[in-house]
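K.L.:
Here you go, sequence then predicted model.
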Amino acid sequence: MNLLVASRGVEILFSLSLFVQTAEYFKLLPYTDEKSIWSWKIQRADIPKSQHLLGLVLDVLLNQSGYRIILALRLITAVVLLIFGVSIWAAWILFLSNLLLLVRWRGAFNGGSDFMTLVVTCGLVLGQTGSLFLGEAMGWVVTLWYICIHSITSYFMSGWVKLTSKEWISGVCMPIFLDTGVYGPLKPGSVLAQKPIAILCSWSFILWESLMPLALTNVTVAWVFCSVALLFHFLVFLFFGLNRFFWAWAASLPAILYSSNWVW
């Protein structure tokens, strides 16, 4: 995958991810007003009293009106990203708005997708800022490699954590997780609850995640690993309803494909 295709792929997929996330935030607005348990007045208690000036600034930015403006600005920037591509201003707007949303939701609204969203925004900021000194092409190389390293490392760590877990190795975790999914609990006699199938699925995920760094050894191997990643994230969406998880991680895959091609 060449630089132009990879960079445009990241822009398009990431803009779609931002649409999904921002739409969810807008849908939850009735539950974030002053009378809600998710009101800013309650959540700002996490800010130390010694940080008085910071608290005042965040009060302006994260009260209900400020919060709406941040979401609207984020949505507009996503449209710009989709149609025209990224700029240094768009990158910084997305980065700063993402930081404010992390503060608003006490660190993370949806762990995995928030992590990858932060990774991509950081990569865009580094690349766009770096392009002022290195040129546009090298700026995108920095962006794609930054996203690639974080994405592959995340898969790798997830796989090795599972490898040290007796519950994952034995397949015990799979039926437990599926019982909590959209279609759970599993029906008695479900094929997914059978131990051989559970073990097979568990080890498939363990091996794929643990061996993800091999995607950088060969372009064809990278396509295989990224295709499995898309299937995995789609299954997570199908069984657990994590739609933003699918799009956030899909946005990182062009970076892996480009980096594999770049190496060789």
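P.N.:
Thanks, I have it. Residues are numbered from 1 along each chain as shown.
K.L.:
Just the helices from the stretch 51-200 of the chain, written as ranges.
P.N.:
52-62, 64-83, 88-104, 111-134, 136-163, 166-169, 173-179, 195-210 (DSSP state H, counting those that start in this stretch).
K.L.:
Any chance of the ones you listed in JSON lines with mean pLDDT, mean neighbour count and distance to S39 as columns?
P.N.:
For every residue, glycine as well, the C-beta is placed using N, CA and C. Listed next are the helices of the stretch 51-200 of the chain as JSON lines, based on pLDDT from 0 to 100; neighbours: other CB atoms under 10 Å; distance: least, CB to CB, whole Å:
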{"stretch": "helix 52-62", "mean pLDDT": "86", "mean neighbour count": "13", "distance to S39": "10"}
{"stretch": "helix 64-83", "mean pLDDT": "96", "mean neighbour count": "16", "distance to S39": "8"}
{"stretch": "helix 88-104", "mean pLDDT": "94", "mean neighbour count": "18", "distance to S39": "11"}
{"stretch": "helix 111-134", "mean pLDDT": "93", "mean neighbour count": "20", "distance to S39": "20"}
{"stretch": "helix 136-163", "mean pLDDT": "95", "mean neighbour count": "19", "distance to S39": "32"}
{"stretch": "helix 166-169", "mean pLDDT": "88", "mean neighbour count": "14", "distance to S39": "38"}
{"stretch": "helix 173-179", "mean pLDDT": "82", "mean neighbour count": "17", "distance to S39": "32"}
{"stretch": "helix 195-210", "mean pLDDT": "90", "mean neighbour count": "16", "distance to S39": "38"}
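K.L.:
Now tabulate these in a markdown table and tack on distance to L216.
P.N.:
Below are those laid out as a markdown table (distance: least, CB to CB, whole Å):
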| stretch | distance to L216 |
| --- | --- |
| helix 52-62 | 40 |
| helix 64-83 | 27 |
| helix 88-104 | 25 |
| helix 111-134 | 17 |
| helix 136-163 | 7 |
| helix 166-169 | 25 |
| helix 173-179 | 28 |
| helix 195-210 | 14 |
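K.L.:
mind checking which of those helices is nearest C226?
P.N.:
helix 136-163 (9.7 Å; CB to CB).
K.L.:
Do I have it right that S97 meets I70?
P.N.:
Yes: if you go by CB atoms under 8 Å, S97 and I70 touch, sitting 5.3 Å apart.
K.L.:
Next up, the contacts around L13.
P.N.:
247, 250-251, 253-254 (CB atoms under 8 Å, 6 or more residues apart in numbering).
K.L.:
ok, so of those, who is nearest L16?
P.N.:
W247 (5.4 Å).
K.L.:
For the closest one, pull up the helix or strand it's in.
P.N.:
helix 243-250 (DSSP states H and E).
K.L.:
Since that was my last question, I'll sign off now.
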